[in-house]
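A.B. asks: Got a sequence here, can you build the structure:
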Amino acid sequence: MQHKKQKVHFIAIGGSVMHNLAIALKLQGHTVTGSDDEIFEPSRSNLSSHGLLPEQMGWLPEKLDASYDFVILGMHARKDNPELLKAQELNLKVLSFPEYIYEQSKDKQRIVIAGSHGKTTITAIIIHVLNYFKRKFDYVIGAKVNGIDHTVKLSDAPIIIIEGDEYLSSALDPTPKFLRFQHHVGLISGIAWDHANVFPTEEEYVKQFDRFADQTPKGGILFYNEQDPIAIMIGKKERNDVLEITFKSHAHATDNHGQIFLTNGKERYPIKIFGSHNLQNLSAAKEVLKKIGIAPDKFFEAISSFEGASGRLEKIKDGASTTVYKDFAHAPSKVKATVKALKEMYPSRELVACIELHTYSSLSKKFLPQYKDSLKGAHVPVVYFNPEKVKAKNLEPITEEDIRAAFATPGITVVDDPQKLQKFLREQSWKNKNLLMMSSGDFGKLNLKDLAEEILA
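C.D. replies: Predicted structure coming up:
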């Protein structure tokens, strides 16, 4: 970790992880500036509270001069960004987010959690347990977790826990982010094709995880999910002097009140998260923690107070016979796992499951068939999409009929207007029925808390 105070400029400072890195650097005493063409909540308020919100929106190359040590380039910025061109003209060191994290953690043990799904929750569990025992560590995670103020922390700690995304690093660097961290300990939670805009085939997508596993150094450790067919195929590949460790759903039990317990022999430990995918996530975190000095009995002690990562199967409102959840699920495998988890948790209640098609992949006509049967477990399956988003992403138009054919779920409701979606949900009979809202977007600015209050009333 460099102790020299730096001067750093962020191009596209408003990104969810970018703005947290900017805050982390300012808290360390570095000089931080940044620009963006638009900044949304909560990034806007977070930056403002630390004096980092740009005075005006837009790209202002005149902000840059030769005094800067680094320019950090966000994914939102294009190759012809005026500030990037100015930085290159000044011969400033331009790094992507993952390159900068690596630069600042060269002397640390780097633990990178990868996978198409589950990586945020696994990283959050590890952070929670290490915090519980007051261990000194750094981290990078894509969601808020109780007990931490920000999603990025950099210090002189000896280890760093990184949620490793497979998406590209920047407009200048088409390398998947998780390869830039150069892990000592790597984990693959599960693999299901995503990011069709940059990985046009499943084969090309899977290949990135194979590269990640191959990057594990001699003397390093690779964890992988033995219940995931692609992860196990990659994990079983022979690699010189690499310790390969598998994990699977943790042993568990449920009492008559629906309380779930992790089991260890005759011992039972209550947990606050549920679903078979989360039982895999818990097991994965426990295995990693064992290798960095947290024994299983200590893990069980700490895990009962873990409430989950923000937006991951997050309970919005609980009523006598109705509970409202939101989840970041947007890829087909995530949607299927989340629907299954709610049905297992509340077997006697009907489920209204609504997904917003928001990402490039989900709005791609070619990718849509991957969603087949993903909403099959819902009593009332609903899909919301905004045709204007399809246009904005320069994709081939999709119709309600295309979506119905792709999901192949009888009785599915397809809505392309947020007002109609709210009306449809308000008109449901909510006795003995749960609501699950799944998206990486915001359902056309739908206020989910207000909706939950209304339907529970």
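A.B. asks: which residues of the stretch 101-250 of the chain fall in strands?
C.D. replies: Shown for the stretch 101-250 of the chain, the strands assigned by DSSP state E, counting those that start in this stretch span residues 109-114, 138-140, 152-153, 159-163, 185-188, 221-225, 243-247.
A.B. asks: Just the mean pLDDT for the helix or strand containing residue 282, thanks.
C.D. replies: Using DSSP states H and E, residue 282 sits within helix 276-291. For helix 276-291, the mean pLDDT works out to 97.
A.B. asks: That one - contacts with which helices or strands?
C.D. replies: On a contact count with 3 or more C-beta pairs under 8 Å, 6 or more residues apart in numbering; DSSP states H and E, helix 276-291 meets strand 109-114, helix 119-132, strand 185-188, strand 221-225, strand 243-247, helix 296-303, helix 332-345. No exception for glycine: its C-beta is placed from N, CA and C like everyone else's.
A.B. asks: In TSV: the ones you listed, plus distance to residue 153, mean neighbour count and mean pLDDT.
C.D. replies: TSV is the format used below for those (distance: least, C-beta to C-beta, whole Å; neighbours: other C-beta atoms under 10 Å; pLDDT from 0 to 100):
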stretch	distance to residue 153	mean neighbour count	mean pLDDT
strand 109-114	14	26	98
helix 119-132	9	25	96
strand 185-188	18	28	98
strand 221-225	23	24	98
strand 243-247	26	17	98
helix 296-303	19	17	97
helix 332-345	26	22	93
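A.B. asks: and the gap between the closest residue in space to residue 166 that isn't next to it in sequence and residue 170?
C.D. replies: Nearest residue to residue 166 in three dimensions, chain neighbours excluded: residue 176, at 4.7 Å (C-beta to C-beta, 6 or more residues apart in numbering). Per C-beta to C-beta, to the nearest Å, residue 176 is found 12 Å from residue 170.
A.B. asks: domain assignment for the chain?
C.D. replies: Domain assignment of the chain by automatic domain parsing yields the ranges 7-92, 102-303, 314-456.
A.B. asks: Surely residue 380 is in contact with residue 349?
C.D. replies: No - assessed by C-beta atoms under 8 Å, residue 380 is found out of contact with residue 349, at 11.7 Å.
A.B. asks: and residue 37, what is it in contact with?
C.D. replies: Residue 37 makes contact with 57, 58, 59, according to C-beta atoms under 8 Å, 6 or more residues apart in numbering.
A.B. asks: circling back: for residue 276, find the nearest of the strands of the stretch 101-250 of the chain.
C.D. replies: strand 221-225 (11.6 Å; C-beta to C-beta).
A.B. asks: could you say what helices and strands that closest one packs with?
C.D. replies: Counting contacts by 3+ C-beta pairs under 8 Å, 6+ apart, strand 221-225 is packed against strand 185-188, helix 229-235, strand 243-247, helix 276-291.
A.B. asks: out of these, deepest packed?
C.D. replies: Of all the helices and strands packed on strand 221-225, strand 185-188 has the most neighbours on average by mean count of other C-beta atoms under 10 Å, namely a mean of 28.
A.B. asks: Any chance you could list what contacts it?
C.D. replies: The contact list for strand 185-188 (C-beta under 8 Å, 6+ apart) reads 109-115, 122, 164, 209, 212-213, 215-216, 220-225, 228, 231, 234-235, 284, 288, 291.
A.B. asks: okay but residue 10 is in contact with residue 18, surely?
C.D. replies: Yes - in this structure, residue 10 is within contact of residue 18 by C-beta under 8 Å, at 5.9 Å.
A.B. asks: list residues touching both of the two?
C.D. replies: In contact with both residue 10 and residue 18: 72, 74, using C-beta under 8 Å, 6+ apart.
A.B. asks: Neighbour count: the two, which is higher?
C.D. replies: With neighbours defined as other C-beta atoms under 10 Å, residue 10 and residue 18 compare such that residue 10 has more, 29 against 26.
A.B. asks: got the contact list for that one?
C.D. replies: Residues in contact with residue 10 (C-beta under 8 Å, 6+ apart) are 18, 19, 21, 22, 32, 33, 34, 35, 71, 72, 74.
A.B. asks: do residue 391 as well
C.D. replies: Residue 391 sits in contact with residue 397, where contact means C-beta under 8 Å, 6+ apart.
A.B. asks: for the chain, longest strand please?
C.D. replies: strand 350-357 (DSSP state E).
A.B. asks: from the chain's centre, how far out does the helix or strand just after that strand sit?
C.D. replies: For strand 350-357, the following helix or strand on the C-terminal side (DSSP H and E) is strand 380-385. Distance of strand 380-385 from its chain centroid, counting by C-alpha atoms, centre = their mean, to the nearest Å, is 22 Å.
A.B. asks: Just checking: what are the partner strands of strand 380-385?
C.D. replies: Strand 380-385 has the following strand partners under DSSP bridges: strand 350-357 (parallel), strand 413-415 (parallel).
A.B. asks: Tell me which residue lies farthest from the centre of this structure.
C.D. replies: Using C-alpha atoms, centre = their mean, the residue of the chain lying farthest from its centre is residue 66. It sits 35.6 Å away.
A.B. asks: can you tell me how far that one sits from residue 100?
C.D. replies: Between residue 66 and residue 100 the computed distance is 19 Å (C-beta to C-beta).
A.B. asks: Any stretches of the protein with poor pLDDT?
C.D. replies: 1-3 (pLDDT under 70).
A.B. asks: The same query, at a cut-off of 50, please.
C.D. replies: 1-2 (pLDDT under 50).
A.B. asks: hmm, back to that, as a markdown table, the helices and strands packed on helix 276-291 with distance to residue 198 would be great.
C.D. replies: Shown next, in a markdown table, are the helices and strands packed on helix 276-291 (distance: least, C-beta to C-beta, whole Å):
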| stretch | distance to residue 198 |
| --- | --- |
| strand 109-114 | 16 |
| helix 119-132 | 18 |
| strand 185-188 | 19 |
| strand 221-225 | 23 |
| strand 243-247 | 28 |
| helix 296-303 | 35 |
| helix 332-345 | 17 |
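A.B. asks: between these, which one is nearest to residue 94?
C.D. replies: For these, the distance to residue 94 is smallest for strand 109-114, at 22.0 Å, taking C-beta to C-beta.
A.B. asks: Compute the distance from the centre of stretch 260-277 to the centre of its chain.
C.D. replies: Taking C-alpha atoms, centre = their mean, one finds stretch 260-277 lying 23 Å from the centre of the chain it belongs to.
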